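Peer 1: need coordinates for the below:
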Amino acid sequence: MFERFTKEAREIVRGSVASATDRGEGRVGPGHLMLALADDPDGTGARILADHGLTRDALGGGGRQDGPAGLTDDETAALRSVGVDTDAVFRRIEESFGPDALRPDPSAPRSRKRGRFGGAFDPGAKKVLELSLRECLALRHKAIGSGHILLALLRQGLPEPMAAVVAEHGLTYEQARRHVRSALDDAA
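Peer 2: Here you go, the predicted structure:
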């Protein structure tokens, strides 16, 4: 299927792997594909997002904010809500094992489960890539571009809070489909 992807679409897929890695996440999900689309400087999908004010920052694309031991603020709050004094736990670990004990080990082996583009894709991301082919075929286009990936993301559904941000900016599947059809039909 990847032979049908344009160079631009392949860069989106590669960018999603980089986005997952930058955020410290082991698997590529639909949200990473959307962030990679927002980063694309010239693609149809990126233009549609930009027309609706959807940038990487608006979509929540800043790097993952981890605290001690790689826990997010939400994860730390969840531990505190069940009575765990996380500050005391982290302090005790550092007293026992040293100040760098809670930092990730950069020499730790990475997962060997890697796909063609360098990362493991979760079922949602795989479904988006499959749907991008279906979108391409339904529009009678010859190659899968970033616009088709955007359509597949909107059709499949995005993770929260990204889905809410997209809805707040007024981007719908139907609008995006009209834009993709228009842009790619004009280019042909």
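Peer 1: immediately after the helix or strand of the chain with the lowest mean pLDDT, which helix or strand?
Peer 2: One helix or strand of the chain scores below all others by mean pLDDT, DSSP states H and E: helix 73-81, with a mean of 77. Past helix 73-81, further along toward the C-terminus, the next helix or strand under DSSP states H and E is helix 86-97.
Peer 1: average model confidence for that next one?
Peer 2: Averaged across helix 86-97, pLDDT comes to 86.
Peer 1: packing partners for that helix?
Peer 2: helix 73-81 (3 or more CB pairs under 8 Å, 6 or more residues apart in numbering; DSSP states H and E). C-beta coordinates here come from the backbone N, C-alpha and C atoms, glycine included.
Peer 1: from the chain's centre, how far out does the helix it packs on sit?
Peer 2: Centroid separation for helix 73-81 versus its chain: 24 Å, with CA atoms, centre = their mean, to the nearest Å.
Peer 1: which parts of it are buried?
Peer 2: Along helix 73-81, these residues count as buried under the neighbour rule (16 or more other CB atoms under 10 Å): Thr76.
Peer 1: tell me which other helices or strands it touches.
Peer 2: Partner elements for helix 73-81 (3+ CB pairs under 8 Å, 6+ apart): helix 86-97.
Peer 1: the helix it packs on to helix 73-81, inter-axis angle?
Peer 2: 100 degrees (axes from the mean of the first three to the mean of the last three CA atoms, to 10 degrees).
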